[in-house]
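Colleague: Starting from these lines, generate the structure:
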Amino acid sequence: MLFNLETNVQSDKNVTNWGMHGADLAVGLLQDDIEKDNFNRSYLITGPEAVGKRTLATRFAQAIFSPKGKQNDSYSIYDAIEKEEFGDVAWVRIGGACGGSRADGTCQVHPKRSIGVCQIRWMVRKMNTKSFNADHKVFIVDSINDLSLGEEQSFSALLKQLEEPPPHTTILLLSANPDNLNLTIRSRCQLVQIPAMSRDLLRDAILKSNLTENIQSATKYAAISKGRYGRAYTQLTDPAYEITLNSILEDIKSLARAGSQDRMNYSERLGKAWRNEPEVVLETLNIWKAWWREALQITTDVVPIELSIFHRQANSQLTSGIALQALAALEEAENNLQTNVNPRLALDVMMIDIPQVSNTH
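Modeller: Numbers count the residues shown, from 1 in each chain. Here you go, the predicted model:
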């Protein structure tokens with residue numbers, strides 16, 4: 001049954017896409033399980049970073065506890081779930097509570113960079129206590145890949161619950177890298193995938209959502225977001241991001257022509273940033289790849305120069321071979337950074353391997 005606590009009646013199945021873009025199959029699968037009262041189970045929600053996994057988990061919980069959605073302007077269960085303030089929907093993530101004695105709910109051995117066994121044990125204890133508001137509980141582990149960096153005990157504490165959750169319990173595991181997960185964990189969950197969207201579909205979703213009315217801007221953000229609506233939404237709703245993006249694009253254009261000293265200065269800046277903000281460096285490299293990917297499309301006549309997003313005029317010295325070399329260098333650097341190669345070394349090699357382009361037009 002659906003736990004509509006605000007009306008205390010069973011609701012008809014919500015046939016919308018829960019306000020999500022590019023996740024129709026995932027939403028349909030979860031809606032079908034709710035309709036069939038078959039959601040007392042474990043799910044593994046996968047997809048690239050910022051594609052909408054957290055939003056899908058939130059909408060699933062809202063569909064269970066508040067199936068008619070937000071009905072008026074007053075604070076409701078729907079709102080409480082949205083703000084992670086509803087007692088029967090618990091999020092487990094790095095830095096989250098574990099029932100410890102500290103003011104923030106953590107314990108003395110709480111890990112700072114992974115989900116610890118203390119948090120999993122806390123989750124298991126909560127599964128076996130009475131719910132606050134209804135007859136069901138939802139637990140969301142965001143992300144399960146962070147658990148793989150923690151203690152092995154965390155797995156054993158979780159496996160039994162995944163195979164057969166306690167009555168009236170749903171477990172949602174979120175993962176951007178499911179191939180890196182323990183096979184046993186993957187085998188005990190229902191897989192729910194959110195794929196990246198095509199650039200055209202994402203552009204249309206951006207326009208439909210009124211994130212921008214400018215088609216060229218929508219196309220640009222669709223290109224740098226790599227099919228991830230969540231990433232495009234974050235970028236387009238951040239007033240400062242356009243300034244950051246334009247600054248990065250200027251760096252790319254100038255460094256494509258620059259000598260080794262300027263390039264080494266740039267790699268040094270990125271290397272320092274990697275220490276505290278690795279996600280910012282990865283996003284910067286993603287923009288570099290979008291610029292060079294379009295260069296490849298222009299040089300192979302896939303995209304005419306007049307329809308390009310990042311290149312205002314043709315450069316006869318910019319060839320498909322150069323673009324391919326640059327893309328290979330960027331891919332290698334990203335892989336090296338994510339496999340703990342010395343960041344300064346990885347970025348220095350990247351800047352050396354990206355070919356220099358002449359100013360000739």
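Colleague: how does this protein divide into domains?
Modeller: As recorded under automatic domain parsing, the domains making up the chain are 24-193, 238-353.
Colleague: any chance of those in a markdown table, plus mean pLDDT, mean neighbour count and distance to Gln216?
Modeller: Every residue, glycine included, has its C-beta placed from N, CA and C. Below are the domains of the chain laid out as a markdown table (pLDDT from 0 to 100; neighbours: other CB atoms under 10 Å; distance: least, CB to CB, whole Å):
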| stretch | mean pLDDT | mean neighbour count | distance to Gln216 |
| --- | --- | --- | --- |
| domain 24-193 | 87 | 18 | 22 |
| domain 238-353 | 93 | 16 | 7 |
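Colleague: Which among those is found nearest to Asn210?
Modeller: domain 238-353 (15.8 Å; CB to CB).
Colleague: to the chain's geometric centre, what's the distance from the closest one?
Modeller: Chain-centre distance of domain 238-353: 21 Å, with CA atoms, centre = their mean, to the nearest Å.
Colleague: same deal with stretch 182-194?
Modeller: The answer for stretch 182-194 is 18 Å, by CA atoms, centre = their mean.
Colleague: What's the end-to-end length of it?
Modeller: The first residue of stretch 182-194 is 20 Å away from its last residue (CA to CA, to the nearest Å).
Colleague: residue ranges of the helices in the stretch 101-250 of the chain, please?
Modeller: Secondary structure of the stretch 101-250 of the chain by DSSP state H, counting those that start in this stretch: the helices cover 117-127, 144-147, 152-163, 183-187, 199-208, 215-224, 229-236, 241-257.
Colleague: and the next element down the chain from the longest helix along the chain?
Modeller: Criterion DSSP state H: the longest helix present in the chain is helix 278-299. Per DSSP states H and E, the first helix or strand lying C-terminal to helix 278-299 is helix 320-338.
Colleague: Show me what that next one is in contact with.
Modeller: 274, 278, 281-282, 285, 288-289, 292-293, 295-296, 299-300, 343, 346-347, 349-350, 353-355, 357 (CB atoms under 8 Å, 6 or more residues apart in numbering).
Colleague: and with 6 Å instead?
Modeller: Here helix 320-338 makes contact (CB atoms under 6 Å, 6 or more residues apart in numbering) with 285, 288-289, 292, 295-296, 299-300, 343, 346, 350, 353-355.
Colleague: Same question for stretch 37-54.
Modeller: Here stretch 37-54 makes contact (CB under 6 Å, 6+ apart) with 20, 23, 33, 56, 162, 170-176, 178, 189-194, 196, 228-231.
Colleague: do that again at 7 Å, thanks
Modeller: With contacts defined as CB atoms under 7 Å, 6 or more residues apart in numbering, stretch 37-54 is touched by 1, 20, 23, 33, 56-57, 64, 142, 162, 165, 167-176, 178, 186, 188-196, 226, 228-231, 234.
Colleague: now do stretch 238-245
Modeller: For stretch 238-245, the external contacting residues (CB under 7 Å, 6+ apart) are Gln235, Ile287.
Colleague: Pull the CA coordinates from it and hand them back as CSV.
Modeller: Taking Å, rounded to 0.1, in the frame of the first residue of the first chain, the C-alpha atoms of stretch 238-245 are listed here in CSV:
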residue,chain,number,x,y,z
ASP,A,238,24.8,29.3,-10.1
PRO,A,239,25.2,32.9,-11.1
ALA,A,240,29.0,32.7,-10.7
TYR,A,241,29.5,29.6,-12.9
GLU,A,242,29.2,31.4,-16.2
ILE,A,243,32.2,33.6,-15.2
THR,A,244,34.2,30.6,-14.1
LEU,A,245,33.3,28.8,-17.4
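Colleague: so who does Thr237 touch?
Modeller: Applying CB under 7 Å, 6+ apart to Thr237 gives the contacts Leu211.
Colleague: hang on, I meant Ser260
Modeller: Ser260 makes no contacts at all, as judged by CB under 7 Å, 6+ apart.
Colleague: try Thr184
Modeller: So Thr184 contacts Leu159 (CB under 7 Å, 6+ apart).
Colleague: separation between it and Ser209?
Modeller: Using CB to CB, to the nearest Å, one gets 39 Å for the distance from Thr184 to Ser209.
Colleague: For Ala97, give its distance to Glu84.
Modeller: 11 Å.
Colleague: And for Ala326?
Modeller: In this view, Ala326 and Glu84 are 42 Å apart by CB to CB.
Colleague: for the nearest residue to Ile120 once chain neighbours are set aside, what are its contacts?
Modeller: Distances taken as CB to CB, 6 or more residues apart in numbering place Ala157 nearest to Ile120, at 4.4 Å, with adjacent residues excluded. Neighbouring residues of Ala157 by CB under 7 Å, 6+ apart: Val117, Ile120, Arg121, Val124.
Colleague: Recalculate using a threshold of 10 Å.
Modeller: Residues in contact with Ala157, defined by CB atoms under 10 Å, 6 or more residues apart in numbering, are Val117, Cys118, Gln119, Ile120, Arg121, Trp122, Met123, Val124, Leu147, Glu151.
Colleague: returning to what we had before: which other helices and strands does the longest helix of the chain contact?
Modeller: Counting contacts by 3 or more CB pairs under 10 Å, 6 or more residues apart in numbering; DSSP states H and E, helix 278-299 is packed against helix 215-224, helix 229-236, helix 241-257, helix 260-276, helix 320-338, helix 343-353.
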